[in-house]
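**Q** make a model of this:
(chains A and B)
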Amino acid sequence: MSPSASDHLGRMRGEYRRASLRKTAGLVAAAGLLAVLMLLDLTTGPSGLPLTDVWTGLAAGPAGDDRMVATILWQLRMPQTVMGMLVGACLGLAGLQMQTILDNPLASPFTLGFSAAAGFGAALAIMFGGLLPVPGFLVVPAAAFAMTLVASALVYLLATLRGASPEILVLGGITVSFFFQSLQSLMQFLASPEVLQQIVFWLFGSLLKATWTSVQVTAALLLLCLPFVLHNAWALTVLKLGDANARSLGLTVDRVRRQTFLLVALLTAAAVSFVGTIGFVGLIAPHACRMIVGEDHRFALPLSAVMGAIILVGASVVGKIISPAAAIPVGIVTAIAGIPMLFAVIIHKGSRP
Amino acid sequence: MNDALILDDVSIRLGRQVILEGINARLAAGQIVGLVGPNGTGKSSLLGAITGMIPFKGEITFAGRGIDLRGVGYMPQHAAVRAQLSVLEVVLLGRHEGLGWRMDPGLLAAATDILADFGIAELAPRPIHTLSGGQQQLVLLAQRMLREPRLLLLDEATSALDLAHQMKVFDLLKAYVRRTGALVMIAIHDLNLAARHANSVLMLRRGGLAGSGRFGDVVTPSALRSVYGVEAEFVTGPTSGTVVLPVCAVA
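**A** Next up is the predicted model:
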């Protein structure tokens, strides 16, 4: 080999390594930004805790001497902040996987009707949960979780019978979505004004519902899914080459799609059950992450999770800054802020060759 | 090198429609086989059946065993790739089964070597979706070659390439066959490329096999008349070999 040819090869390999380093740096920077936002989230709230108090409160732990600071920080704010991070991570991960398996940049964790199903489950529990011999704070999330899994089982059944192509999944998802949306509307129609208010508040999606118990359950579900999600990183990257190419490379496309679909269902159920449906995070986070690291899912999956967490914790901070007395539910903030972001994504896509 | 692709009474149906029936062939490894025939005669279906992706009746074996896609390099007809991946990342996916969390330096070296062999090293960092159709075709072919398959099945793999790149690809395929003793089967419309580069051809007609063997024995004026419905002249030059010149459609 001539010296110039070997120079060229060395340059190519160097470029690849540098690109990988840049992606890792992007991931680390995003994690740093998330940490800053979480700290900011802890300092904002109705009772305004300055950063120095937050530091000392954090250092002193939940049993710190300043009882007021300890209670505000460890019992009220911390569960909400951590929950925001977890829910955002679940939605970011679920969103990227959904966009990959449906080969559609406008897909989100809710494209296949999961939010409608969760909403119906919650509405059902809010109306009739009192009749069950189960603690009230568990009935609503359990029902939302169960109903999300029922919706996913229906779509999964269809995908098993007719093949897991994006078209079949989307058609099944739209049908399921309308079905549960109608049932949810029926519940709202039948509900008394007080119950209706509770249902509507649940549908807003708010971190105020977070407790340490819900944080633990959500974290456990995320940790359960994570190894499976990361294990599929290369398979998902291959899927981005299109079905024909992926199949011809020996990938069992249908199996990867069905597995991923189940993981998305579980992550989405984990995300919405305790805090309600929060739109746009699962749609925007994958786009933000692709702009930074592209579609090598080794980098894209973790970054999409971090991006989701950044968006959600950021929305929580904004909600509390706008209205310190009664924090605006994050679901509303993400939806309002999501519209211009979505427009930007569409315009960016349109300008691409 | 006794490996061979054996098609034993292979039939392919799509619903009630017969695509191909009673195909028998024995294709020895260590050569390039051109798969020719008019549109719609089942070239892609036959390649699909060989890979096991399209159901068929009969038996297909390579080196005495059933075919497992993991050991095969199969490139279907070109569909645009829209992924936000660099060319080098796409080529590396040719070996996705063996990729771990950290990139193997040996594999990275092999992938860059192949891009250099194809003469597209400068494309390595470019996003694949910004490439032209022909460039994408080269990248995907390089990706399949990275698999180092004993059986390489290509469906119109040179259809979007300019003359120089067509030459380059066939030179690379010939060198690959010489080096590894693999069998390359390429579905191709351009009979002159088949004449020049394929060691043998398999010609399909509607419903079955029109002939197989050396180009000159299979692709004849009468075969072109009956299979393609075309009158053609065959010219043999000192350096070009046989050149097929279509003259007119059969009245």
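
**Q** just checking, what packs against the helix or strand hosting A:P79?
**A** Under the criterion of DSSP states H and E, A:P79 resides in helix A:78-101. Under the contact criterion of 3 or more Cβ pairs under 8 Å, 6 or more residues apart in numbering or on different chains; DSSP states H and E, the helices and strands touching helix A:78-101 comprise helix A:3-43, helix A:212-231, helix A:233-239, helix A:253-275, helix A:281-293, helix A:297-322. In short, each C-beta sits where N, CA and C put it, glycine included.

**Q** tell me the average confidence for whichever helix or strand comes after that helix?
**A** Once helix A:78-101 ends, the next helix or strand along the chain (criterion: DSSP H and E) is helix A:114-128. The average pLDDT within helix A:114-128 is 90.

**Q** mind listing what's buried along stretch A:329-339?
**A** For stretch A:329-339, burial by neighbour count (16 or more other Cβ atoms under 10 Å in any protein chain shown) applies to A:P329, A:V330, A:G331, A:I332, A:V333, A:T334, A:A335, A:A337, A:G338.

**Q** make a markdown table from these and add distance to B:A187 to it.
**A** Listed next are these as a markdown table, based on distance: Cβ to Cβ, whole Å:
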| residue | distance to B:A187 |
| --- | --- |
| A:P329 | 58 |
| A:V330 | 55 |
| A:G331 | 53 |
| A:I332 | 56 |
| A:V333 | 55 |
| A:T334 | 50 |
| A:A335 | 51 |
| A:A337 | 51 |
| A:G338 | 47 |
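
**Q** who's in contact with B:S45?
**A** When contacts are counted by Cβ atoms under 8 Å, 6 or more residues apart in numbering or on different chains, B:S45 touches B:I12, B:L14, B:I19, B:L20, B:I54.

**Q** so which elements touch the host helix or strand of A:V140?
**A** Assessed by DSSP H and E, A:V140 sits inside helix A:136-162. Contacts defined by 3+ Cβ pairs under 8 Å, 6+ apart place helix A:136-162 against helix A:114-128, helix A:166-190, helix A:212-231, helix A:253-275.

**Q** between these, which one is nearest to chain B?
**A** helix A:212-231 (8.3 Å; Cβ to the nearest Cβ).

**Q** hmm, back to that, for the helix holding A:V140, what does the pLDDT average out to?
**A** Helix A:136-162 comes out with an average pLDDT of 87.

**Q** just the buried residues of it, please?
**A** Buried residues in helix A:136-162, counted by 16+ other Cβ under 10 Å: A:138-149, A:151-152, A:154-156, A:158-159.

**Q** relative orientation of it and helix A:253-275 in degrees?
**A** Using axes from the mean of the first three to the mean of the last three Cα atoms, to 10 degrees, one finds that helix A:136-162 and helix A:253-275 are set 160 degrees apart in direction.

**Q** quick one, helix A:136-162 and helix A:166-190 angle?
**A** Interaxial angle, helix A:136-162 versus helix A:166-190 (the same axes, to 10 degrees): 150 degrees.

**Q** now the closest residue to chain A within the stretch 151-251 of chain B: closest residue in space that isn't a chain neighbour?
**A** As assessed by Cβ to the nearest Cβ, chain A sits closest to B:L153 within the stretch 151-251 of chain B, at 8.6 Å. Nearest non-adjacent residue to B:L153, counting by Cβ to Cβ, 6 or more residues apart in numbering or on different chains: B:Y74, 4.5 Å away.

**Q** same check, this time on B:Q135
**A** Going by Cβ to Cβ, 6+ apart, B:Q135 has B:L123 as its nearest residue, at 6.5 Å.

**Q** next one: the residue nearest to the spatial centre of chain A from A:V272, what distance?
**A** Geometric centre of chain A, nearest residue: A:L91, 0.9 Å, by Cα atoms, centre = their mean. When distance is defined by Cβ to Cβ, to the nearest Å, A:L91 is 8 Å away from A:V272.

**Q** between the two, which contacts overlap?
**A** Residues within reach of A:L91 and of A:V272 at once, by Cβ under 8 Å, 6+ apart, are A:I278.

**Q** what sits against the nearest residue to A:R162 once chain neighbours are set aside?
**A** Counting by Cβ to Cβ, 6+ apart, A:R162 lies nearest to A:I168, which is 4.9 Å off, once chain neighbours are set aside. By Cβ under 8 Å, 6+ apart, the contact set of A:I168 is A:L158, A:A159, A:R162.

**Q** show me where pLDDT drops low in the chain?
**A** Unless you meant another one, I'm taking chain A. Applying pLDDT under 70 to chain A flags the ranges A:1-5, A:349-353.

**Q** you looked at the wrong chain, it should be chain B
**A** Applying pLDDT under 70 to chain B flags residues B:1-2.

**Q** quick check: phi and psi on A:G113?
**A** Here is the backbone geometry of A:G113 (degrees, to the nearest 10): phi 80, psi 10.

**Q** how far away is B:C248 from B:V235?
**A** Distance, B:C248 to B:V235, by Cβ to Cβ: 16 Å.

**Q** looking at these two, which has the bigger crowd around it?
**A** Higher neighbour count among B:C248 and B:V235: B:V235, with 11 against 8, using other Cβ atoms under 10 Å in any protein chain shown.

**Q** who's that one bridged to?
**A** B:V243 (DSSP bridges).

**Q** surely it touches B:V247?
**A** No. Applying Cβ atoms under 8 Å as the test, B:V235 and B:V247 come out as separate, 11.4 Å apart.

**Q** contact partners for the residue nearest to A:C90 when sequence neighbours are not counted?
**A** Excluding the flanking residues, the one nearest A:C90 by Cβ to Cβ, 6+ apart is A:A271, at 3.8 Å. Contact partners of A:A271, counting by Cβ under 8 Å, 6+ apart, are A:L86, A:V87, A:C90, A:L91, A:A94, A:P109, A:T218, A:I278.

**Q** got the contact list for the residue nearest to the first one when sequence neighbours are not counted?
**A** Okay, so that is A:L86. Distance criterion Cβ to Cβ, 6+ apart; nearest residue to A:L86, sequence neighbours excluded, is A:T218 at 4.7 Å. Counting by Cβ under 8 Å, 6+ apart, A:T218 touches A:M83, A:L86, A:V87, A:C90, A:A270, A:A271, A:S273, A:F274.

**Q** likewise for B:D217?
**A** Contact analysis of B:D217 by Cβ under 8 Å, 6+ apart lists B:G211.

**Q** helix or strand for it, which one?
**A** According to DSSP H and E, B:D217 maps onto helix B:215-218.

**Q** and that helix, what's buried?
**A** For helix B:215-218, the neighbour count (16+ other Cβ under 10 Å) marks B:F215, B:V218 as buried.

**Q** quick check: next helix or strand after it?
**A** Downstream of helix B:215-218, the first helix or strand assigned by DSSP H and E is helix B:221-223.

**Q** chain center to that next one: distance?
**A** Put simply, helix B:221-223 sits 24 Å off its chain's centre (Cα atoms, centre = their mean, to the nearest Å).

**Q** cool, stretch B:49-59 as well?
**A** Put simply, stretch B:49-59 sits 17 Å off its chain's centre (Cα atoms, centre = their mean).

**Q** got the contact list for that stretch?
**A** A:247-248, B:5-13, B:23, B:45, B:48, B:60, B:66-69, B:72, B:74, B:151, B:153, B:185.
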